[in-house]
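# make a model of this:
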Amino acid sequence: MSRPAPVVLLPHSKGQTTGGDGPPWSAGTGVLPDLDAARATVLGATVRAMGPPRVKGPGPALGRLLGAQGPTLVAAVEANRALLTAPTRPAIERYSGVLYDELCYSSLRARDRRRVDDRVLILNALLGVAAPRDPLPEHRLELSAALPRLGRLGTWWRPRLTAALAPRLAGAVVWDLLPNEHGAAWDPGAVAVARRFTVRFVDEQGRTVSHWNKLLKGALVRFLAESGADDPAALAPFRHPTGYRFDAGSSDLGGVHAEVVFRKRP
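Next comes the predicted model:
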């Protein structure tokens, strides 16, 4: 029996494109349909949490909930109020942050775009998880947000995402590129993966680097799409203009859950 294709777990991005030409979100239009009832619950709770429009604009409570202020908060509340009727874009086109800009999906060859479509899963607060071509309305919502009756979304999603991801990831090599907030929204120890690789970027002295993290992860996802790599040994050709290279000697590759280190070289 052949092994399942590798899976890449990515976080959502705060940066998003606006508008869209797809129909509003509805059940049955995305990956892992067992999550659709939970998705409908979160969409409805988010709309209700926005409350009715106010003459003076959104209050401070909504600012704290959405982590925004000023014009950004006004736009976020308007987008969230329209979640059930708003047009959609494929998730890979909706997100526009540093990671997704560096991946530059639109510039990939057709074969490599298909690899992204088939292998990437994007964890997010609104739908739990989305495949790149899944329809997604414009929104602003973090896993750290606490919605009325649901509580903190990362905690609320955790058992649901773990149960839904378990059959999808069973027996697969998983490149887990999730930051802590997203990583806490599922339990990898409860999923029977073949191997799970997390990554760390370090400077010449071995100190963990956070400044370039999203940029480097975007470049790595592009490399995985172009190479189809399912083993760290295939990372040897990886080169990033900022100087980061795969460092086998510093990586901890023993066991099912392994850490892959990329070190900055002169």
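
# what sits against residue 39?
Residue 39 is in contact with 25, 27, 30, 126-128, counting by CB atoms under 8 Å, 6 or more residues apart in numbering. (C-beta placed from N, C-alpha, C; glycine too.)

# continuing past the helix or strand hosting it, what's the next helix or strand?
Here residue 39 sits within helix 36-50, counting by DSSP states H and E. Counting by DSSP H and E, the next helix or strand C-terminal to helix 36-50 is helix 60-66.

# which of the residues in that following helix are buried?
With burial defined by 16 or more other CB atoms under 10 Å, the residues of helix 60-66 counted as buried are 62-63, 65-66.

# could you export it as CSV, CA atoms only?
Taking Å, rounded to 0.1, in the frame of the first residue of the first chain, the C-alpha atoms of helix 60-66 are listed here in CSV:
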residue,chain,number,x,y,z
PRO,A,60,-14.1,49.1,22.6
ALA,A,61,-15.4,45.7,23.4
LEU,A,62,-15.4,44.8,19.7
GLY,A,63,-12.0,46.3,19.4
ARG,A,64,-10.7,43.9,22.0
LEU,A,65,-12.5,41.0,20.5
LEU,A,66,-11.1,41.6,17.0
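
# quick one: that helix to chain centroid distance?
Relative to the chain's own centre, helix 60-66 is displaced by 23 Å; criterion: CA atoms, centre = their mean, to the nearest Å.

# a markdown table for the buried residues of helix 60-66, including pLDDT?
Output for the buried residues of helix 60-66, formatted as a markdown table (pLDDT from 0 to 100):
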| residue | pLDDT |
| --- | --- |
| 62 | 96 |
| 63 | 95 |
| 65 | 96 |
| 66 | 96 |
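
# tell me the one of these nearest residue 190?
residue 65 (29.5 Å; CB to CB).

# now the closest one, nearest residue through space, not along the chain?
residue 145 (5.6 Å; CB to CB, 6 or more residues apart in numbering).

# quick one, phi/psi of that neighbour?
Per-residue torsions, residue 145: phi -70, psi 150 (degrees, to the nearest 10).

# cool, residue 117 as well?
phi -60, psi -40.

# again, but for residue 116
Taking degrees, to the nearest 10 as the convention, residue 116 sits at phi -60, psi -50.

# contact partners for it?
Neighbours of residue 116 in contact, by CB under 8 Å, 6+ apart: 92, 103, 105, 108, 132, 221, 225.

# try 6 Å
Applying CB atoms under 6 Å, 6 or more residues apart in numbering to residue 116 gives the contacts 132, 225.

# same deal with the one 5 residues further on?
With contact set as CB under 6 Å, 6+ apart, residue 121 has these partners: 9, 129.

# and it, what are its bridge partners?
residue 9 (DSSP bridges).

# and it, what pLDDT?
On pLDDT, residue 121 comes in at 98.

# the one 4 residues further on now?
You'll see residue 125 listed with a pLDDT of 98.

# how much space is there between it and residue 53?
According to CB to CB, to the nearest Å, residue 125 stands 23 Å off from residue 53.

# strands of the stretch 51-200 of the chain, residue ranges please.
Secondary structure of the stretch 51-200 of the chain (DSSP state E, counting those that start in this stretch): strands located at 88-90, 120-124, 128-130, 135-137, 146-147, 151-152, 173-176, 195-202.

# now distance to residue 187 too, for those, in TSV please.
Output for those, formatted as TSV (distance: least, CB to CB, whole Å):
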stretch	distance to residue 187
strand 88-90	28
strand 120-124	13
strand 128-130	14
strand 135-137	24
strand 146-147	20
strand 151-152	16
strand 173-176	12
strand 195-202	12
